[in-house]
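Peer 1: Got a predicted model here, sequence first, then my questions.
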Amino acid sequence: YGATADEFHYDDYAGLDVKGKIVVVLRYEPSGLAHHGQTRHSQLITKAINARNHGAKALIVLNGKLGEGEQDLLTRFGSVSGPENVGIVMLQVKNAIADSWFQAAGKTLKDVQEQINATTKPASFELPNTLHVSLNIDVETTRATVNNVLAWLPGQTDEYVIIGAHYDHLGRGNVDSLAPSQIGQIHPGADDNASGTAGVLELARLLAPQRRKLKRSILFIDFAGEELGLLGSAEWVKEPTRPLGKAVAMINMDMIGRIKDDKVYIGGIGTGSTFKSVLEEAEKEAPFKVESSPGGYSSSDHTSFVTKKIPVLFFFSGLHSDYHKPSDTWDKINSASAARLLDMVENVTLELANAEQPPTFQVVAEEKPLGGVGGGGGYGPYFGSVPDFGQVDNGVKFSDVRPNSPAAKAGFKAGDVLVQFGDKPIK
């Protein structure tokens, strides 16, 4: 299985020298390794990095045992998450091809896999020296240039409030689709994030008559590339079209179209010194059951602004079972409640635009890391670095480091590049 799982006392590479060789591995992991779902050792990216760290030249992946009525189909290119290059060549072959290699060693693929699964003990072996594989792989990467879309409503000064949302979604689905069997179908993204995009347009319409009347200007931004890692917002804060120092606050709307039971989530209220009182005032005009959190880090575009010490507010109507699926369609949008929420966002914007003193940025030390999507087990061990998703040739660049986190205590700062973790190099 290509796994080195110290916590389970299991190592497929024990006693083997694979330097400069090609390793053949099964998908998934031994059935006895975990009792509740798959562990990280089942992931293709983990197998690839492990093979590379053992000095292997390339990796060949097999499906192995198939379920009832299941065909030996190769994983669709681009359907597995991971970086573009982990420093090792990786490809797939069908079971029938690999079985001929096993037979040359006097074994069968089926028997070897059943033996490992029955005992949860490795059964790795070297194929005969007569077997050689010649690989020639060309990867053609398709790239496109996309655009953030901006509009400027001038006020009486050059200070400004940002109202933003991301307008991209998943297209026909990809590794982020939560309906893997429906990859290839259009994922409309009505709530994520046509709702926020429509919100930006509607607020622009509502606020346009205030041209030159507000103390501060308003910058409306629809971001591209959020689903690929906050790319549009991260690029804008790196090369802003207006001086960043003049931005007093950023308001982000990501999924505001499915308000249920009048419940609304607002994040980032601890990042601005005046946010609590501003929101309390706005709530009087548009009453909702508000659940708030002080921190400004999460998986949406306002995070790019927190890393630049700009106060942020994040408006969100909550997760639902259609998230990142083709079923996120327009007919499920609660437009009446979304319009009421926009009244609240408008009031917050007007308050921030006309306030005598703008909010000052406050660092929020989170007591514990946020869990993963859907309140599951989160992302595993917590380090506290916030990644910069731009291309780095070697290592992982940090756009920020969370206060009081292990990374912060170790002395890491924004802009640092982590090239090794313990004895593990990071490519």
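Peer 2: Arrived safely, thanks for sending.

Peer 1: Sticking with the residue lying farthest from the centre of the chain, tell me its helix or strand.
Peer 2: When distances to the mean C-alpha position of the chain are computed (C-alpha atoms, centre = their mean), the maximum falls on residue 106, with 45.0 Å. Using DSSP states H and E, residue 106 sits in no helix or strand.

Peer 1: Find me the pLDDT at it, would you?
Peer 2: Listed pLDDT for residue 106 reads 95.

Peer 1: Look up how far residue 125 lies from it.
Peer 2: To residue 125, residue 106 is 10 Å away according to C-beta to C-beta, to the nearest Å. C-beta coordinates here come from the backbone N, C-alpha and C atoms, glycine included.

Peer 1: following the helix or strand of the chain with the lowest mean pLDDT, which helix or strand comes up?
Peer 2: Here the helix or strand of the chain ranked lowest by mean pLDDT, DSSP states H and E is strand 385-387, holding a mean of 80. Counting by DSSP H and E, the element after strand 385-387 in chain order, helix or strand, is strand 396-401.

Peer 1: residues touching residue 207, list them.
Peer 2: 153, 214, 218, 346, 349 (C-beta atoms under 8 Å, 6 or more residues apart in numbering).

Peer 1: if we go to 7 Å?
Peer 2: For residue 207, the residues meeting the contact criterion (C-beta atoms under 7 Å, 6 or more residues apart in numbering) are 153, 218, 346, 349.

Peer 1: Pop out the phi and psi values for it.
Peer 2: Note on residue 207: its backbone torsions stand at phi -90, psi -10 [degrees, to the nearest 10].

Peer 1: before we move on, what about residue 234?
Peer 2: According to degrees, to the nearest 10, residue 234 has phi -60, psi -40.

Peer 1: ok, now the one 4 residues further on?
Peer 2: Residue 238 has phi and psi values of phi -70, psi -40 when expressed as degrees, to the nearest 10.

Peer 1: Can you get me a residue count around it?
Peer 2: For residue 238, the neighbour count with other C-beta atoms under 10 Å is 13.

Peer 1: Residues in a beta bridge with the residue lying closest to residue 261 once chain neighbours are set aside, which ones?
Peer 2: Once flanking residues are discounted, residue 261 sits nearest to residue 289: 7.1 Å by C-beta to C-beta, 6 or more residues apart in numbering. Residue 289 forms beta bridges with residue 263, as assigned by DSSP bridges.

Peer 1: From what I see, residue 289 and residue 262 are in contact.
Peer 2: Yes: assessed by C-beta atoms under 7 Å, residue 289 is found in contact with residue 262 at 5.2 Å.

Peer 1: So which residues lie in contact with the least confident helix or strand of the chain, not counting its own?
Peer 2: Contacts for strand 385-387 (C-beta under 7 Å, 6+ apart): 297, 303, 307, 396, 398, 399, 400, 401, 402, 407, 412.

Peer 1: Which strand or helix spans the closest residue to the first one other than its chain neighbours?
Peer 2: Closest residue in space to residue 297, ignoring its immediate chain neighbours: residue 303 at 5.4 Å, by C-beta to C-beta, 6+ apart. In this structure, residue 303 is located in helix 302-306 according to DSSP H and E.

Peer 1: So which elements touch the helix or strand just after that helix?
Peer 2: Going down the chain from helix 302-306, the next helix or strand is strand 312-316, by DSSP H and E. On a contact count with 3 or more C-beta pairs under 7 Å, 6 or more residues apart in numbering; DSSP states H and E, strand 312-316 meets strand 247-253, strand 263-267, helix 302-306, helix 335-354.

Peer 1: same thing but 6 Å
Peer 2: strand 247-253, strand 263-267, helix 302-306 (3 or more C-beta pairs under 6 Å, 6 or more residues apart in numbering; DSSP states H and E).

Peer 1: which one of these lies closest to residue 45?
Peer 2: helix 302-306 (23.1 Å; C-beta to C-beta).

Peer 1: now that closest one: mean pLDDT?
Peer 2: 95.

Peer 1: List of residues touching that helix?
Peer 2: 230, 233, 234, 237, 250, 252, 296, 297, 312, 314 (C-beta atoms under 6 Å, 6 or more residues apart in numbering).

Peer 1: Now, of the residues you listed, which are buried?
Peer 2: Buried members of these, scored by 16 or more other C-beta atoms under 10 Å, are 230, 233, 234, 237, 250, 252, 296, 297, 312, 314.

Peer 1: Look up how far residue 396 lies from the second one.
Peer 2: In other words, residue 233. 19 Å.

Peer 1: again with the fourth one
Peer 2: Applying C-beta to C-beta, the value for residue 237 to residue 396 is 19 Å.

Peer 1: Please apply the same query to the fifth one.
Peer 2: Look at residue 250 and residue 396: by C-beta to C-beta, they are 25 Å apart.

Peer 1: So for residue 40, which of the helices and strands packed on strand 312-316 sits nearest?
Peer 2: Between those, helix 302-306 lies closest to residue 40; by C-beta to C-beta that is 24.2 Å.

Peer 1: can you pull the buried residues of the closest one?
Peer 2: Quick answer for helix 302-306 (16+ other C-beta under 10 Å): 302, 303, 304, 305, 306.

Peer 1: cool, stretch 396-407 as well?
Peer 2: 396, 397, 398, 399, 400, 401, 402, 405, 407.
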